[in-house]
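Novice: Below is the sequence, then the predicted model.
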Amino acid sequence: MKIVIVGGVAGGATAATRIRRMDESAEIIMFERGEHVSYSNCSLPYYLSDVVDDSNKLLVMSEDKFLNQYNIDVRTLNEVMEIDRENSKVVVKDLSSGETYEESYDKLVLSPGAKPIMPPSITGIDKSHVFSLRNVADIRKIDAYIDENDVKHVSIVGGGFIGLEVAENLVERGTKVSLIEAQNQVMAPFDYDMVQIIHKSLHDNGVDLRVNTAVAGIEDASIKFSDGNALDTDMVIMAIGVAPETKLVSQAGLEIGKTGGIKVDTHYRTSDENIYAIGDAIEVTHKITGAATRMALAGPAQRQARTVANDIFGRDGAETPVIGTSVVKVFDYNAASTGLNEKLAVAFGADYGTVYVIPQDKVGLMPNSHPMHFKLLFDKQSKKVLGAQAVGKGNVDKRIDVIATLIKMDGTIEDLKNLELAYSPMHGTAKDVVNVAGLAAENILNGDLEQVPVSKVRELVEADAYIIDVRETNEYEAGHLKDSHNIPLSELRNRMDEIPQDIPVYLHCRTGQRSYNAVRILKNNGFGNVMNISGSYLGISFFE
Ligand code: FAD
């Protein structure tokens, strides 16, 4: 069998090697229009700060290694220009010689990825000091431009994962950075309340973060915003997202989905049974909403590649729909998310509940024990876990991976509460962050706890709501919400007569644990309208 692969990085290279492991006799040709195959695109930003000190280290495999280790014919600087479906051939242009030739296939696997969005509506987008980041050649160009032009200030447009990672690495390099985002927050997979911690971290580390700011044009030494303001800058890096590479499939008349990605079935077959498509270029199905979506992440691309190889050789392995699990480091903080956030849950029409807890990520006595901000979404009817977000200085990925596993297996709050997880004081707490979230969700579902989200605190303060801060007096004196009443948990049983019974009462402490206990004391003493402020003072402090 002759298998031709288009695209030689995450999806393409994984498909090629898996196919070889399935069949020693298959003829495998992998075309890549760029200079390199199988490089670590996810590590590219770290070359700017010298975490990766040599750009050659980004290159995982070479043409020679593919040939010698896998007997795979890799052709870099060869672009597939056309698919001739009728004759099962591709038309290829050798970009070094300019010559065009044909190559036949029995099966064709497309993993052409996605291209950075560079809106032509932004004037000056094609200027020589405007860059995007997709591959090793791009990062080398960015690095060289900074050195050769003595760049002091870079404007990064787009606060997604790539924008944030580039920002951090440029700051580490000693470059001044403005991060410009059209929405009111960076990192779309996170809810507004959770992302405030990242906003603060960016500010604390000297990044000039400008949210609600749309770019209208780029001049030689400045960037102009649609509100008429401008910012002096030496260089611009565009990171506002990617669009699937669909030129080839459109030309070949293959079906494109409504999200703009290549339409595939559950085995990643396109509308032509001999042509598969995987990776950033395709449209996938969201497990929870059932909606068509796109998921430009390396893990799904590699999983899909394996499924395709299996399918070609008659092994079953249909798609498991995506939930979208990702993690990013932003200076001292790590932030991870999976499944639905509130924006998606609302759009989906889910009858969902949330908990926002802030347990320590390790036993408090241990070095590097930090609070972890953890938000969980669950379906109030089925009690299934819908999604989670974690932000903290410790291992957020461990917690989010547990939740991602649970979601993939249709787990409920009950399952989450009962999970048995590894514990020693250096690694976590006996009741891990995720167990705590499960317990808090159970309390809400049982009616043991009513809560208001941290995002409503400003409204409560402005409406002169009755807020009780149950932290100790010294904590309260170090900083508190305007007009809040301080009744420490340790004094609450003796001071209940100070608390009104005829109006709603809102409680908070530092992390929500003491105020939860206080809510229970008041409820068990007949107070009917008592609510915990979810997120508590640590969450509130990021909103001030
Ligand atoms: P790619 O890996 O991009 O490969 C597609 C290749 O196809 C390209 O090299 C392209 O040149 C080639 N090609 C396209 N058309 C043709 C043609 N006609 N002929 C020949 N060749 C062609 N994901 C994560 O999960 N975690 C991360 O931390 C993360 N960090 C990232 C950081 C950066 C800076 C970038 C750019 C991406 C990051 N990603 C991350 C995303 C991840 O790299 C992609 O989701 C993944 O590479 C997609 O695999 P793919 O095979 O679809 O596309």
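Specialist: Everything's here; your move.
Novice: Name all residues that make contact with residue 41.
Specialist: 9-10, 134-135, 298 (C-beta atoms under 8 Å, 6 or more residues apart in numbering). Every C-beta, even on glycine, is put in place using the N, C-alpha and C of the backbone.
Novice: Could you export these as CSV, including pLDDT and neighbour count?
Specialist: Converted to CSV, those look like this (pLDDT from 0 to 100; neighbours: other C-beta atoms under 10 Å):
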residue, pLDDT, neighbour count
9, 97, 27
10, 96, 26
134, 97, 17
135, 97, 19
298, 96, 17
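Novice: Identify the residue of the chain closest to the ligand, quick one.
Specialist: Taking C-beta to the nearest ligand atom, the ligand has its nearest neighbour within the chain at residue 279, 2.1 Å off.
Novice: and stretch 253-262, which residues are buried?
Specialist: Neighbour counts over stretch 253-262 (16 or more other C-beta atoms under 10 Å) mark 254, 256-257, 261-262 as buried.
Novice: What number of residues are in the vicinity of residue 126?
Specialist: Using other C-beta atoms under 10 Å, residue 126 has 10 neighbouring residues.
Novice: does it sit in a helix, a strand or a coil?
Specialist: coil (DSSP: H, G, I helix; E, B strand; the rest coil).
Novice: now, which of the buried residues of stretch 253-262 lie within strands?
Specialist: Nothing among those maps onto strands, per DSSP state E.
Novice: element containing the residue positioned nearest the centre of the chain?
Specialist: Closest residue to the average C-alpha location of the chain: residue 326 at 4.1 Å, with C-alpha atoms, centre = their mean. If you go by DSSP states H and E, residue 326 is part of strand 325-330.
Novice: Surely the residue nearest to the centre of the chain touches residue 295?
Specialist: No. Using C-beta atoms under 8 Å, residue 326 is not in contact with residue 295; the gap is 9.3 Å.
Novice: before we move on, the earlier item: which residue lies closest in space to the residue of the chain closest to the ligand, excluding its sequence neighbours?
Specialist: residue 11 (3.4 Å; C-beta to C-beta, 6 or more residues apart in numbering).
Novice: returning to what we had before: so what does the residue of the chain closest to the ligand have for phi and psi?
Specialist: phi 80, psi -160 (degrees, to the nearest 10).
Novice: That one contacts residue 8, doesn't it?
Specialist: No. Using C-beta under 8 Å as the test, residue 279 is too far from residue 8 to be in contact (11.5 Å).
Novice: higher neighbour count, these two?
Specialist: residue 279 (32 against 28).
Novice: neighbours of residue 404, just the number please.
Specialist: Neighbours around residue 404, by other C-beta under 10 Å: 22.
Novice: how about the helices in the stretch 201-350 of the chain?
Specialist: For the stretch 201-350 of the chain, the helices defined by DSSP state H, counting those that start in this stretch occupy 247-251, 298-312, 342-348.
Novice: out of the ones you listed, deepest packed?
Specialist: helix 298-312 (a mean of 21; mean count of other C-beta atoms under 10 Å).
Novice: For that one, which helices and strands make contact with it?
Specialist: Of the remaining helices and strands, those touching helix 298-312 by 3 or more C-beta pairs under 8 Å, 6 or more residues apart in numbering; DSSP states H and E are helix 10-22, strand 107-110, strand 275-277.
Novice: In contact with residue 142: list those residues for me.
Specialist: Here residue 142 is in contact with 48, 131, 133, 237 (C-beta under 8 Å, 6+ apart).
Novice: related to what we said a few turns ago, for the helices of the stretch 201-350 of the chain, please prepare TSV with the additional fields distance to residue 83.
Specialist: What follows is those, written out as TSV (distance: least, C-beta to C-beta, whole Å):
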stretch	distance to residue 83
helix 247-251	6
helix 298-312	16
helix 342-348	35
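Novice: Of the ones you listed, which is nearest residue 16?
Specialist: Comparing these against residue 16 with C-beta to C-beta, the closest turns out to be helix 298-312 (8.3 Å).
Novice: For residue 246, see how far away residue 132 is.
Specialist: Residue 132 is 18 Å from residue 246, where distance means C-beta to C-beta, to the nearest Å.
Novice: circling back to that earlier point, go back to the contacts of residue 41 and keep what's next to the ligand.
Specialist: With C-beta under 6 Å from any ligand atom as the criterion, these include 9-10, 134-135, 298 near the ligand.
Novice: interface residues of the stretch 151-300 of the chain facing the ligand?
Specialist: 162, 245, 248, 279-281, 296-299.
Novice: now with 5 Å?
Specialist: 162, 279-280, 296-298 (C-beta under 5 Å from any ligand atom).
Novice: And the contacts of the helix or strand that residue 517 is a member of?
Specialist: Element membership for residue 517, per DSSP H and E: helix 513-524. Contacts to helix 513-524, defined as C-beta under 8 Å, 6+ apart, come from residues 359, 440, 443, 448-450, 468, 470-471, 489, 492-493, 496, 499, 505, 507-509, 530-533, 536.
Novice: Which of those are buried? Put it as a PyMOL command.
Specialist: Command for PyMOL, covering only those of those found buried under the criterion 16+ other C-beta under 10 Å:
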select buried, resi 359+440+443+449+450+468+470+471+489+492+499+505+507+508+509+530+531+532+533+536
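Novice: What about the contacts of helix 513-524, which are in helices?
Specialist: 440, 443, 489, 492, 536 (DSSP state H).
Novice: residues in the stretch 301-450 of the chain within reach of the ligand, list them.
Specialist: So the stretch 301-450 of the chain meets the ligand at residue 301 (C-beta under 5 Å from any ligand atom).
Novice: how about the helices in the stretch 351-500 of the chain?
Specialist: Under DSSP H, counting those that start in this stretch, the stretch 351-500 of the chain gives helices at 396-408, 413-418, 433-446, 457-462, 473-477, 489-492.
Novice: what's the most distant pair in the residues of the stretch 151-300 of the chain next to the ligand?
Specialist: 162 and 279 (16.3 Å).
Novice: Show me the beta-bridge partners of residue 277.
Specialist: residue 110 (DSSP bridges).
Novice: doesn't residue 110 make contact with it?
Specialist: Yes. Judged on C-beta under 8 Å, residue 277 makes contact with residue 110 at a distance of 4.3 Å.
Novice: if I look at these two, which residues touch both of them?
Specialist: Contacts common to residue 277 and residue 110, judged by C-beta under 8 Å, 6+ apart, are 249, 262, 270.
Novice: correct me, but the second one touches residue 284?
Specialist: In other words, residue 262. No. Here residue 262 does not reach residue 284: they are 10.2 Å apart, not a contact under C-beta under 8 Å.
Novice: Now for the residue nearest to residue 285 when sequence neighbours are not counted, how many residues are close by?
Specialist: Spatial nearest neighbour of residue 285, chain neighbours left out: residue 321 (4.4 Å); criterion: C-beta to C-beta, 6+ apart. Neighbours of residue 321 under the rule other C-beta under 10 Å: 16.
Novice: OK, contacts around residue 321?
Specialist: By C-beta under 8 Å, 6+ apart, the neighbours of residue 321 are 284-287, 290.
Novice: which regions of the stretch 251-400 of the chain sit below the pLDDT cut-off?
Specialist: Applying pLDDT under 70 to the stretch 251-400 of the chain flags no residue at all.
Novice: What residues of stretch 178-191 count as buried?
Specialist: 178-182, 185-191.
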